[in-house]
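Asks: Just need the structure, nothing else, for what follows:
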Amino acid sequence: MNPIVNTDAATLSPIALFLQADWVVKGVMLGLLLASIWTWAIIIMFWLKVGRTRKATEKFERDFWKAEDIDAFYKSNGNADLPSARVLAAGVAEWRRSTQGQVIDREGTRDRLATTMGAAVAKEIDELSDRLNVLATVGSVAPFVGLFGTVWGIMRSFTSIASQQNTSLAVVAPGIAEALFATAIGLFAAIPAVIAYNRFSHGINRIEARLNRFADGFHATLSRQLDRER
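Replies: Numbering: from 1, shown residues only. Coordinates of the predicted model:
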């Protein structure tokens, strides 16, 4: 019989260990399994989103710095669903508001441009890192939840020893195996979550640094234009 679907706990089949476990341990296992599924769904979503955003952002910024007319580029690309495009839109909007009067406050305009684009970058990073905290939570909590299931299962095993007055390994081993399986599931949920959290945090930090460089470069371009304004 396939050891995975065997319902005999002595075979160490995952299904058998689950079926023979105490209801509390079963609840822990189910919770950790759901957390693992949720974690992998977030990992796949982030992997696609971060990779797509990074490539599209690189192309947008490369095309922007090649453009000779910023206004023309903004009209054709300013509505793109990209973090860089929204930072550009925030800078252009603030530029137009600050330079529409007869008298232009150059230093005030520079400060407002820096603040506006900085806020736009922060907003984009907040939206991009949404649900990343779930990975951190699962990575830090799942092992302890699994450990709780293990402790509970071992306590039940010792209770069985006391009730049966039998210290034979055949009596104790199945219960302990079921309990340790809860810890294994906790680690199965936590390890990918921690690795993915660190990897995606690094990727988001790189995107944030790129957006800040883009905002600084655009700010410098507008500052030079401001010096030419009368």
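
Asks: and the lengthiest helix in the chain, what does it pack onto?
Replies: Ranked by residue count under DSSP state H, the longest helix found in the chain is helix 169-228. Helix 169-228 sits against helix 14-20, helix 23-66, helix 83-98, helix 106-128, helix 132-164, with contacts defined as 3 or more C-beta pairs under 8 Å, 6 or more residues apart in numbering; DSSP states H and E. C-betas here are computed from N, CA, C, even on glycine.

Asks: what residues are up against the spatially most central residue of the chain?
Replies: When C-alpha atoms, centre = their mean is applied to the chain, the residue found nearest the centroid is L132 (2.4 Å). The contact partners of L132, by C-beta atoms under 8 Å, 6 or more residues apart in numbering, come to F46, Y197, F200, S201, I204.

Asks: could you redo the last one with a cut-off of 10 Å?
Replies: Shown in contact with L132 (C-beta atoms under 10 Å, 6 or more residues apart in numbering): I42, F46, V50, A196, Y197, F200, S201, I204.

Asks: returning to what we had before: quick check: angle from the longest helix of the chain to helix 132-164?
Replies: 170 degrees (axes from the mean of the first three to the mean of the last three C-alpha atoms, to 10 degrees).

Asks: Could I get the average pLDDT for helix 169-228?
Replies: Per-residue pLDDT values over helix 169-228 give a mean of 86.

Asks: burial measure for V103, as a count.
Replies: For V103, the neighbour count with other C-beta atoms under 10 Å is 4.

Asks: Checking it next. Helix, strand or coil?
Replies: With DSSP: H, G, I helix; E, B strand; the rest coil as the basis, V103 sits in coil.

Asks: pLDDT weak spots in the protein?
Replies: Residues of the chain meeting the criterion pLDDT under 70: 1-12, 14, 21, 102, 164-174, 229-230.

Asks: Go through the contacts of L132 and name the one nearest D111.
Replies: I204 (27.1 Å; C-beta to C-beta).

Asks: Contacts only, for R52.
Replies: L82.
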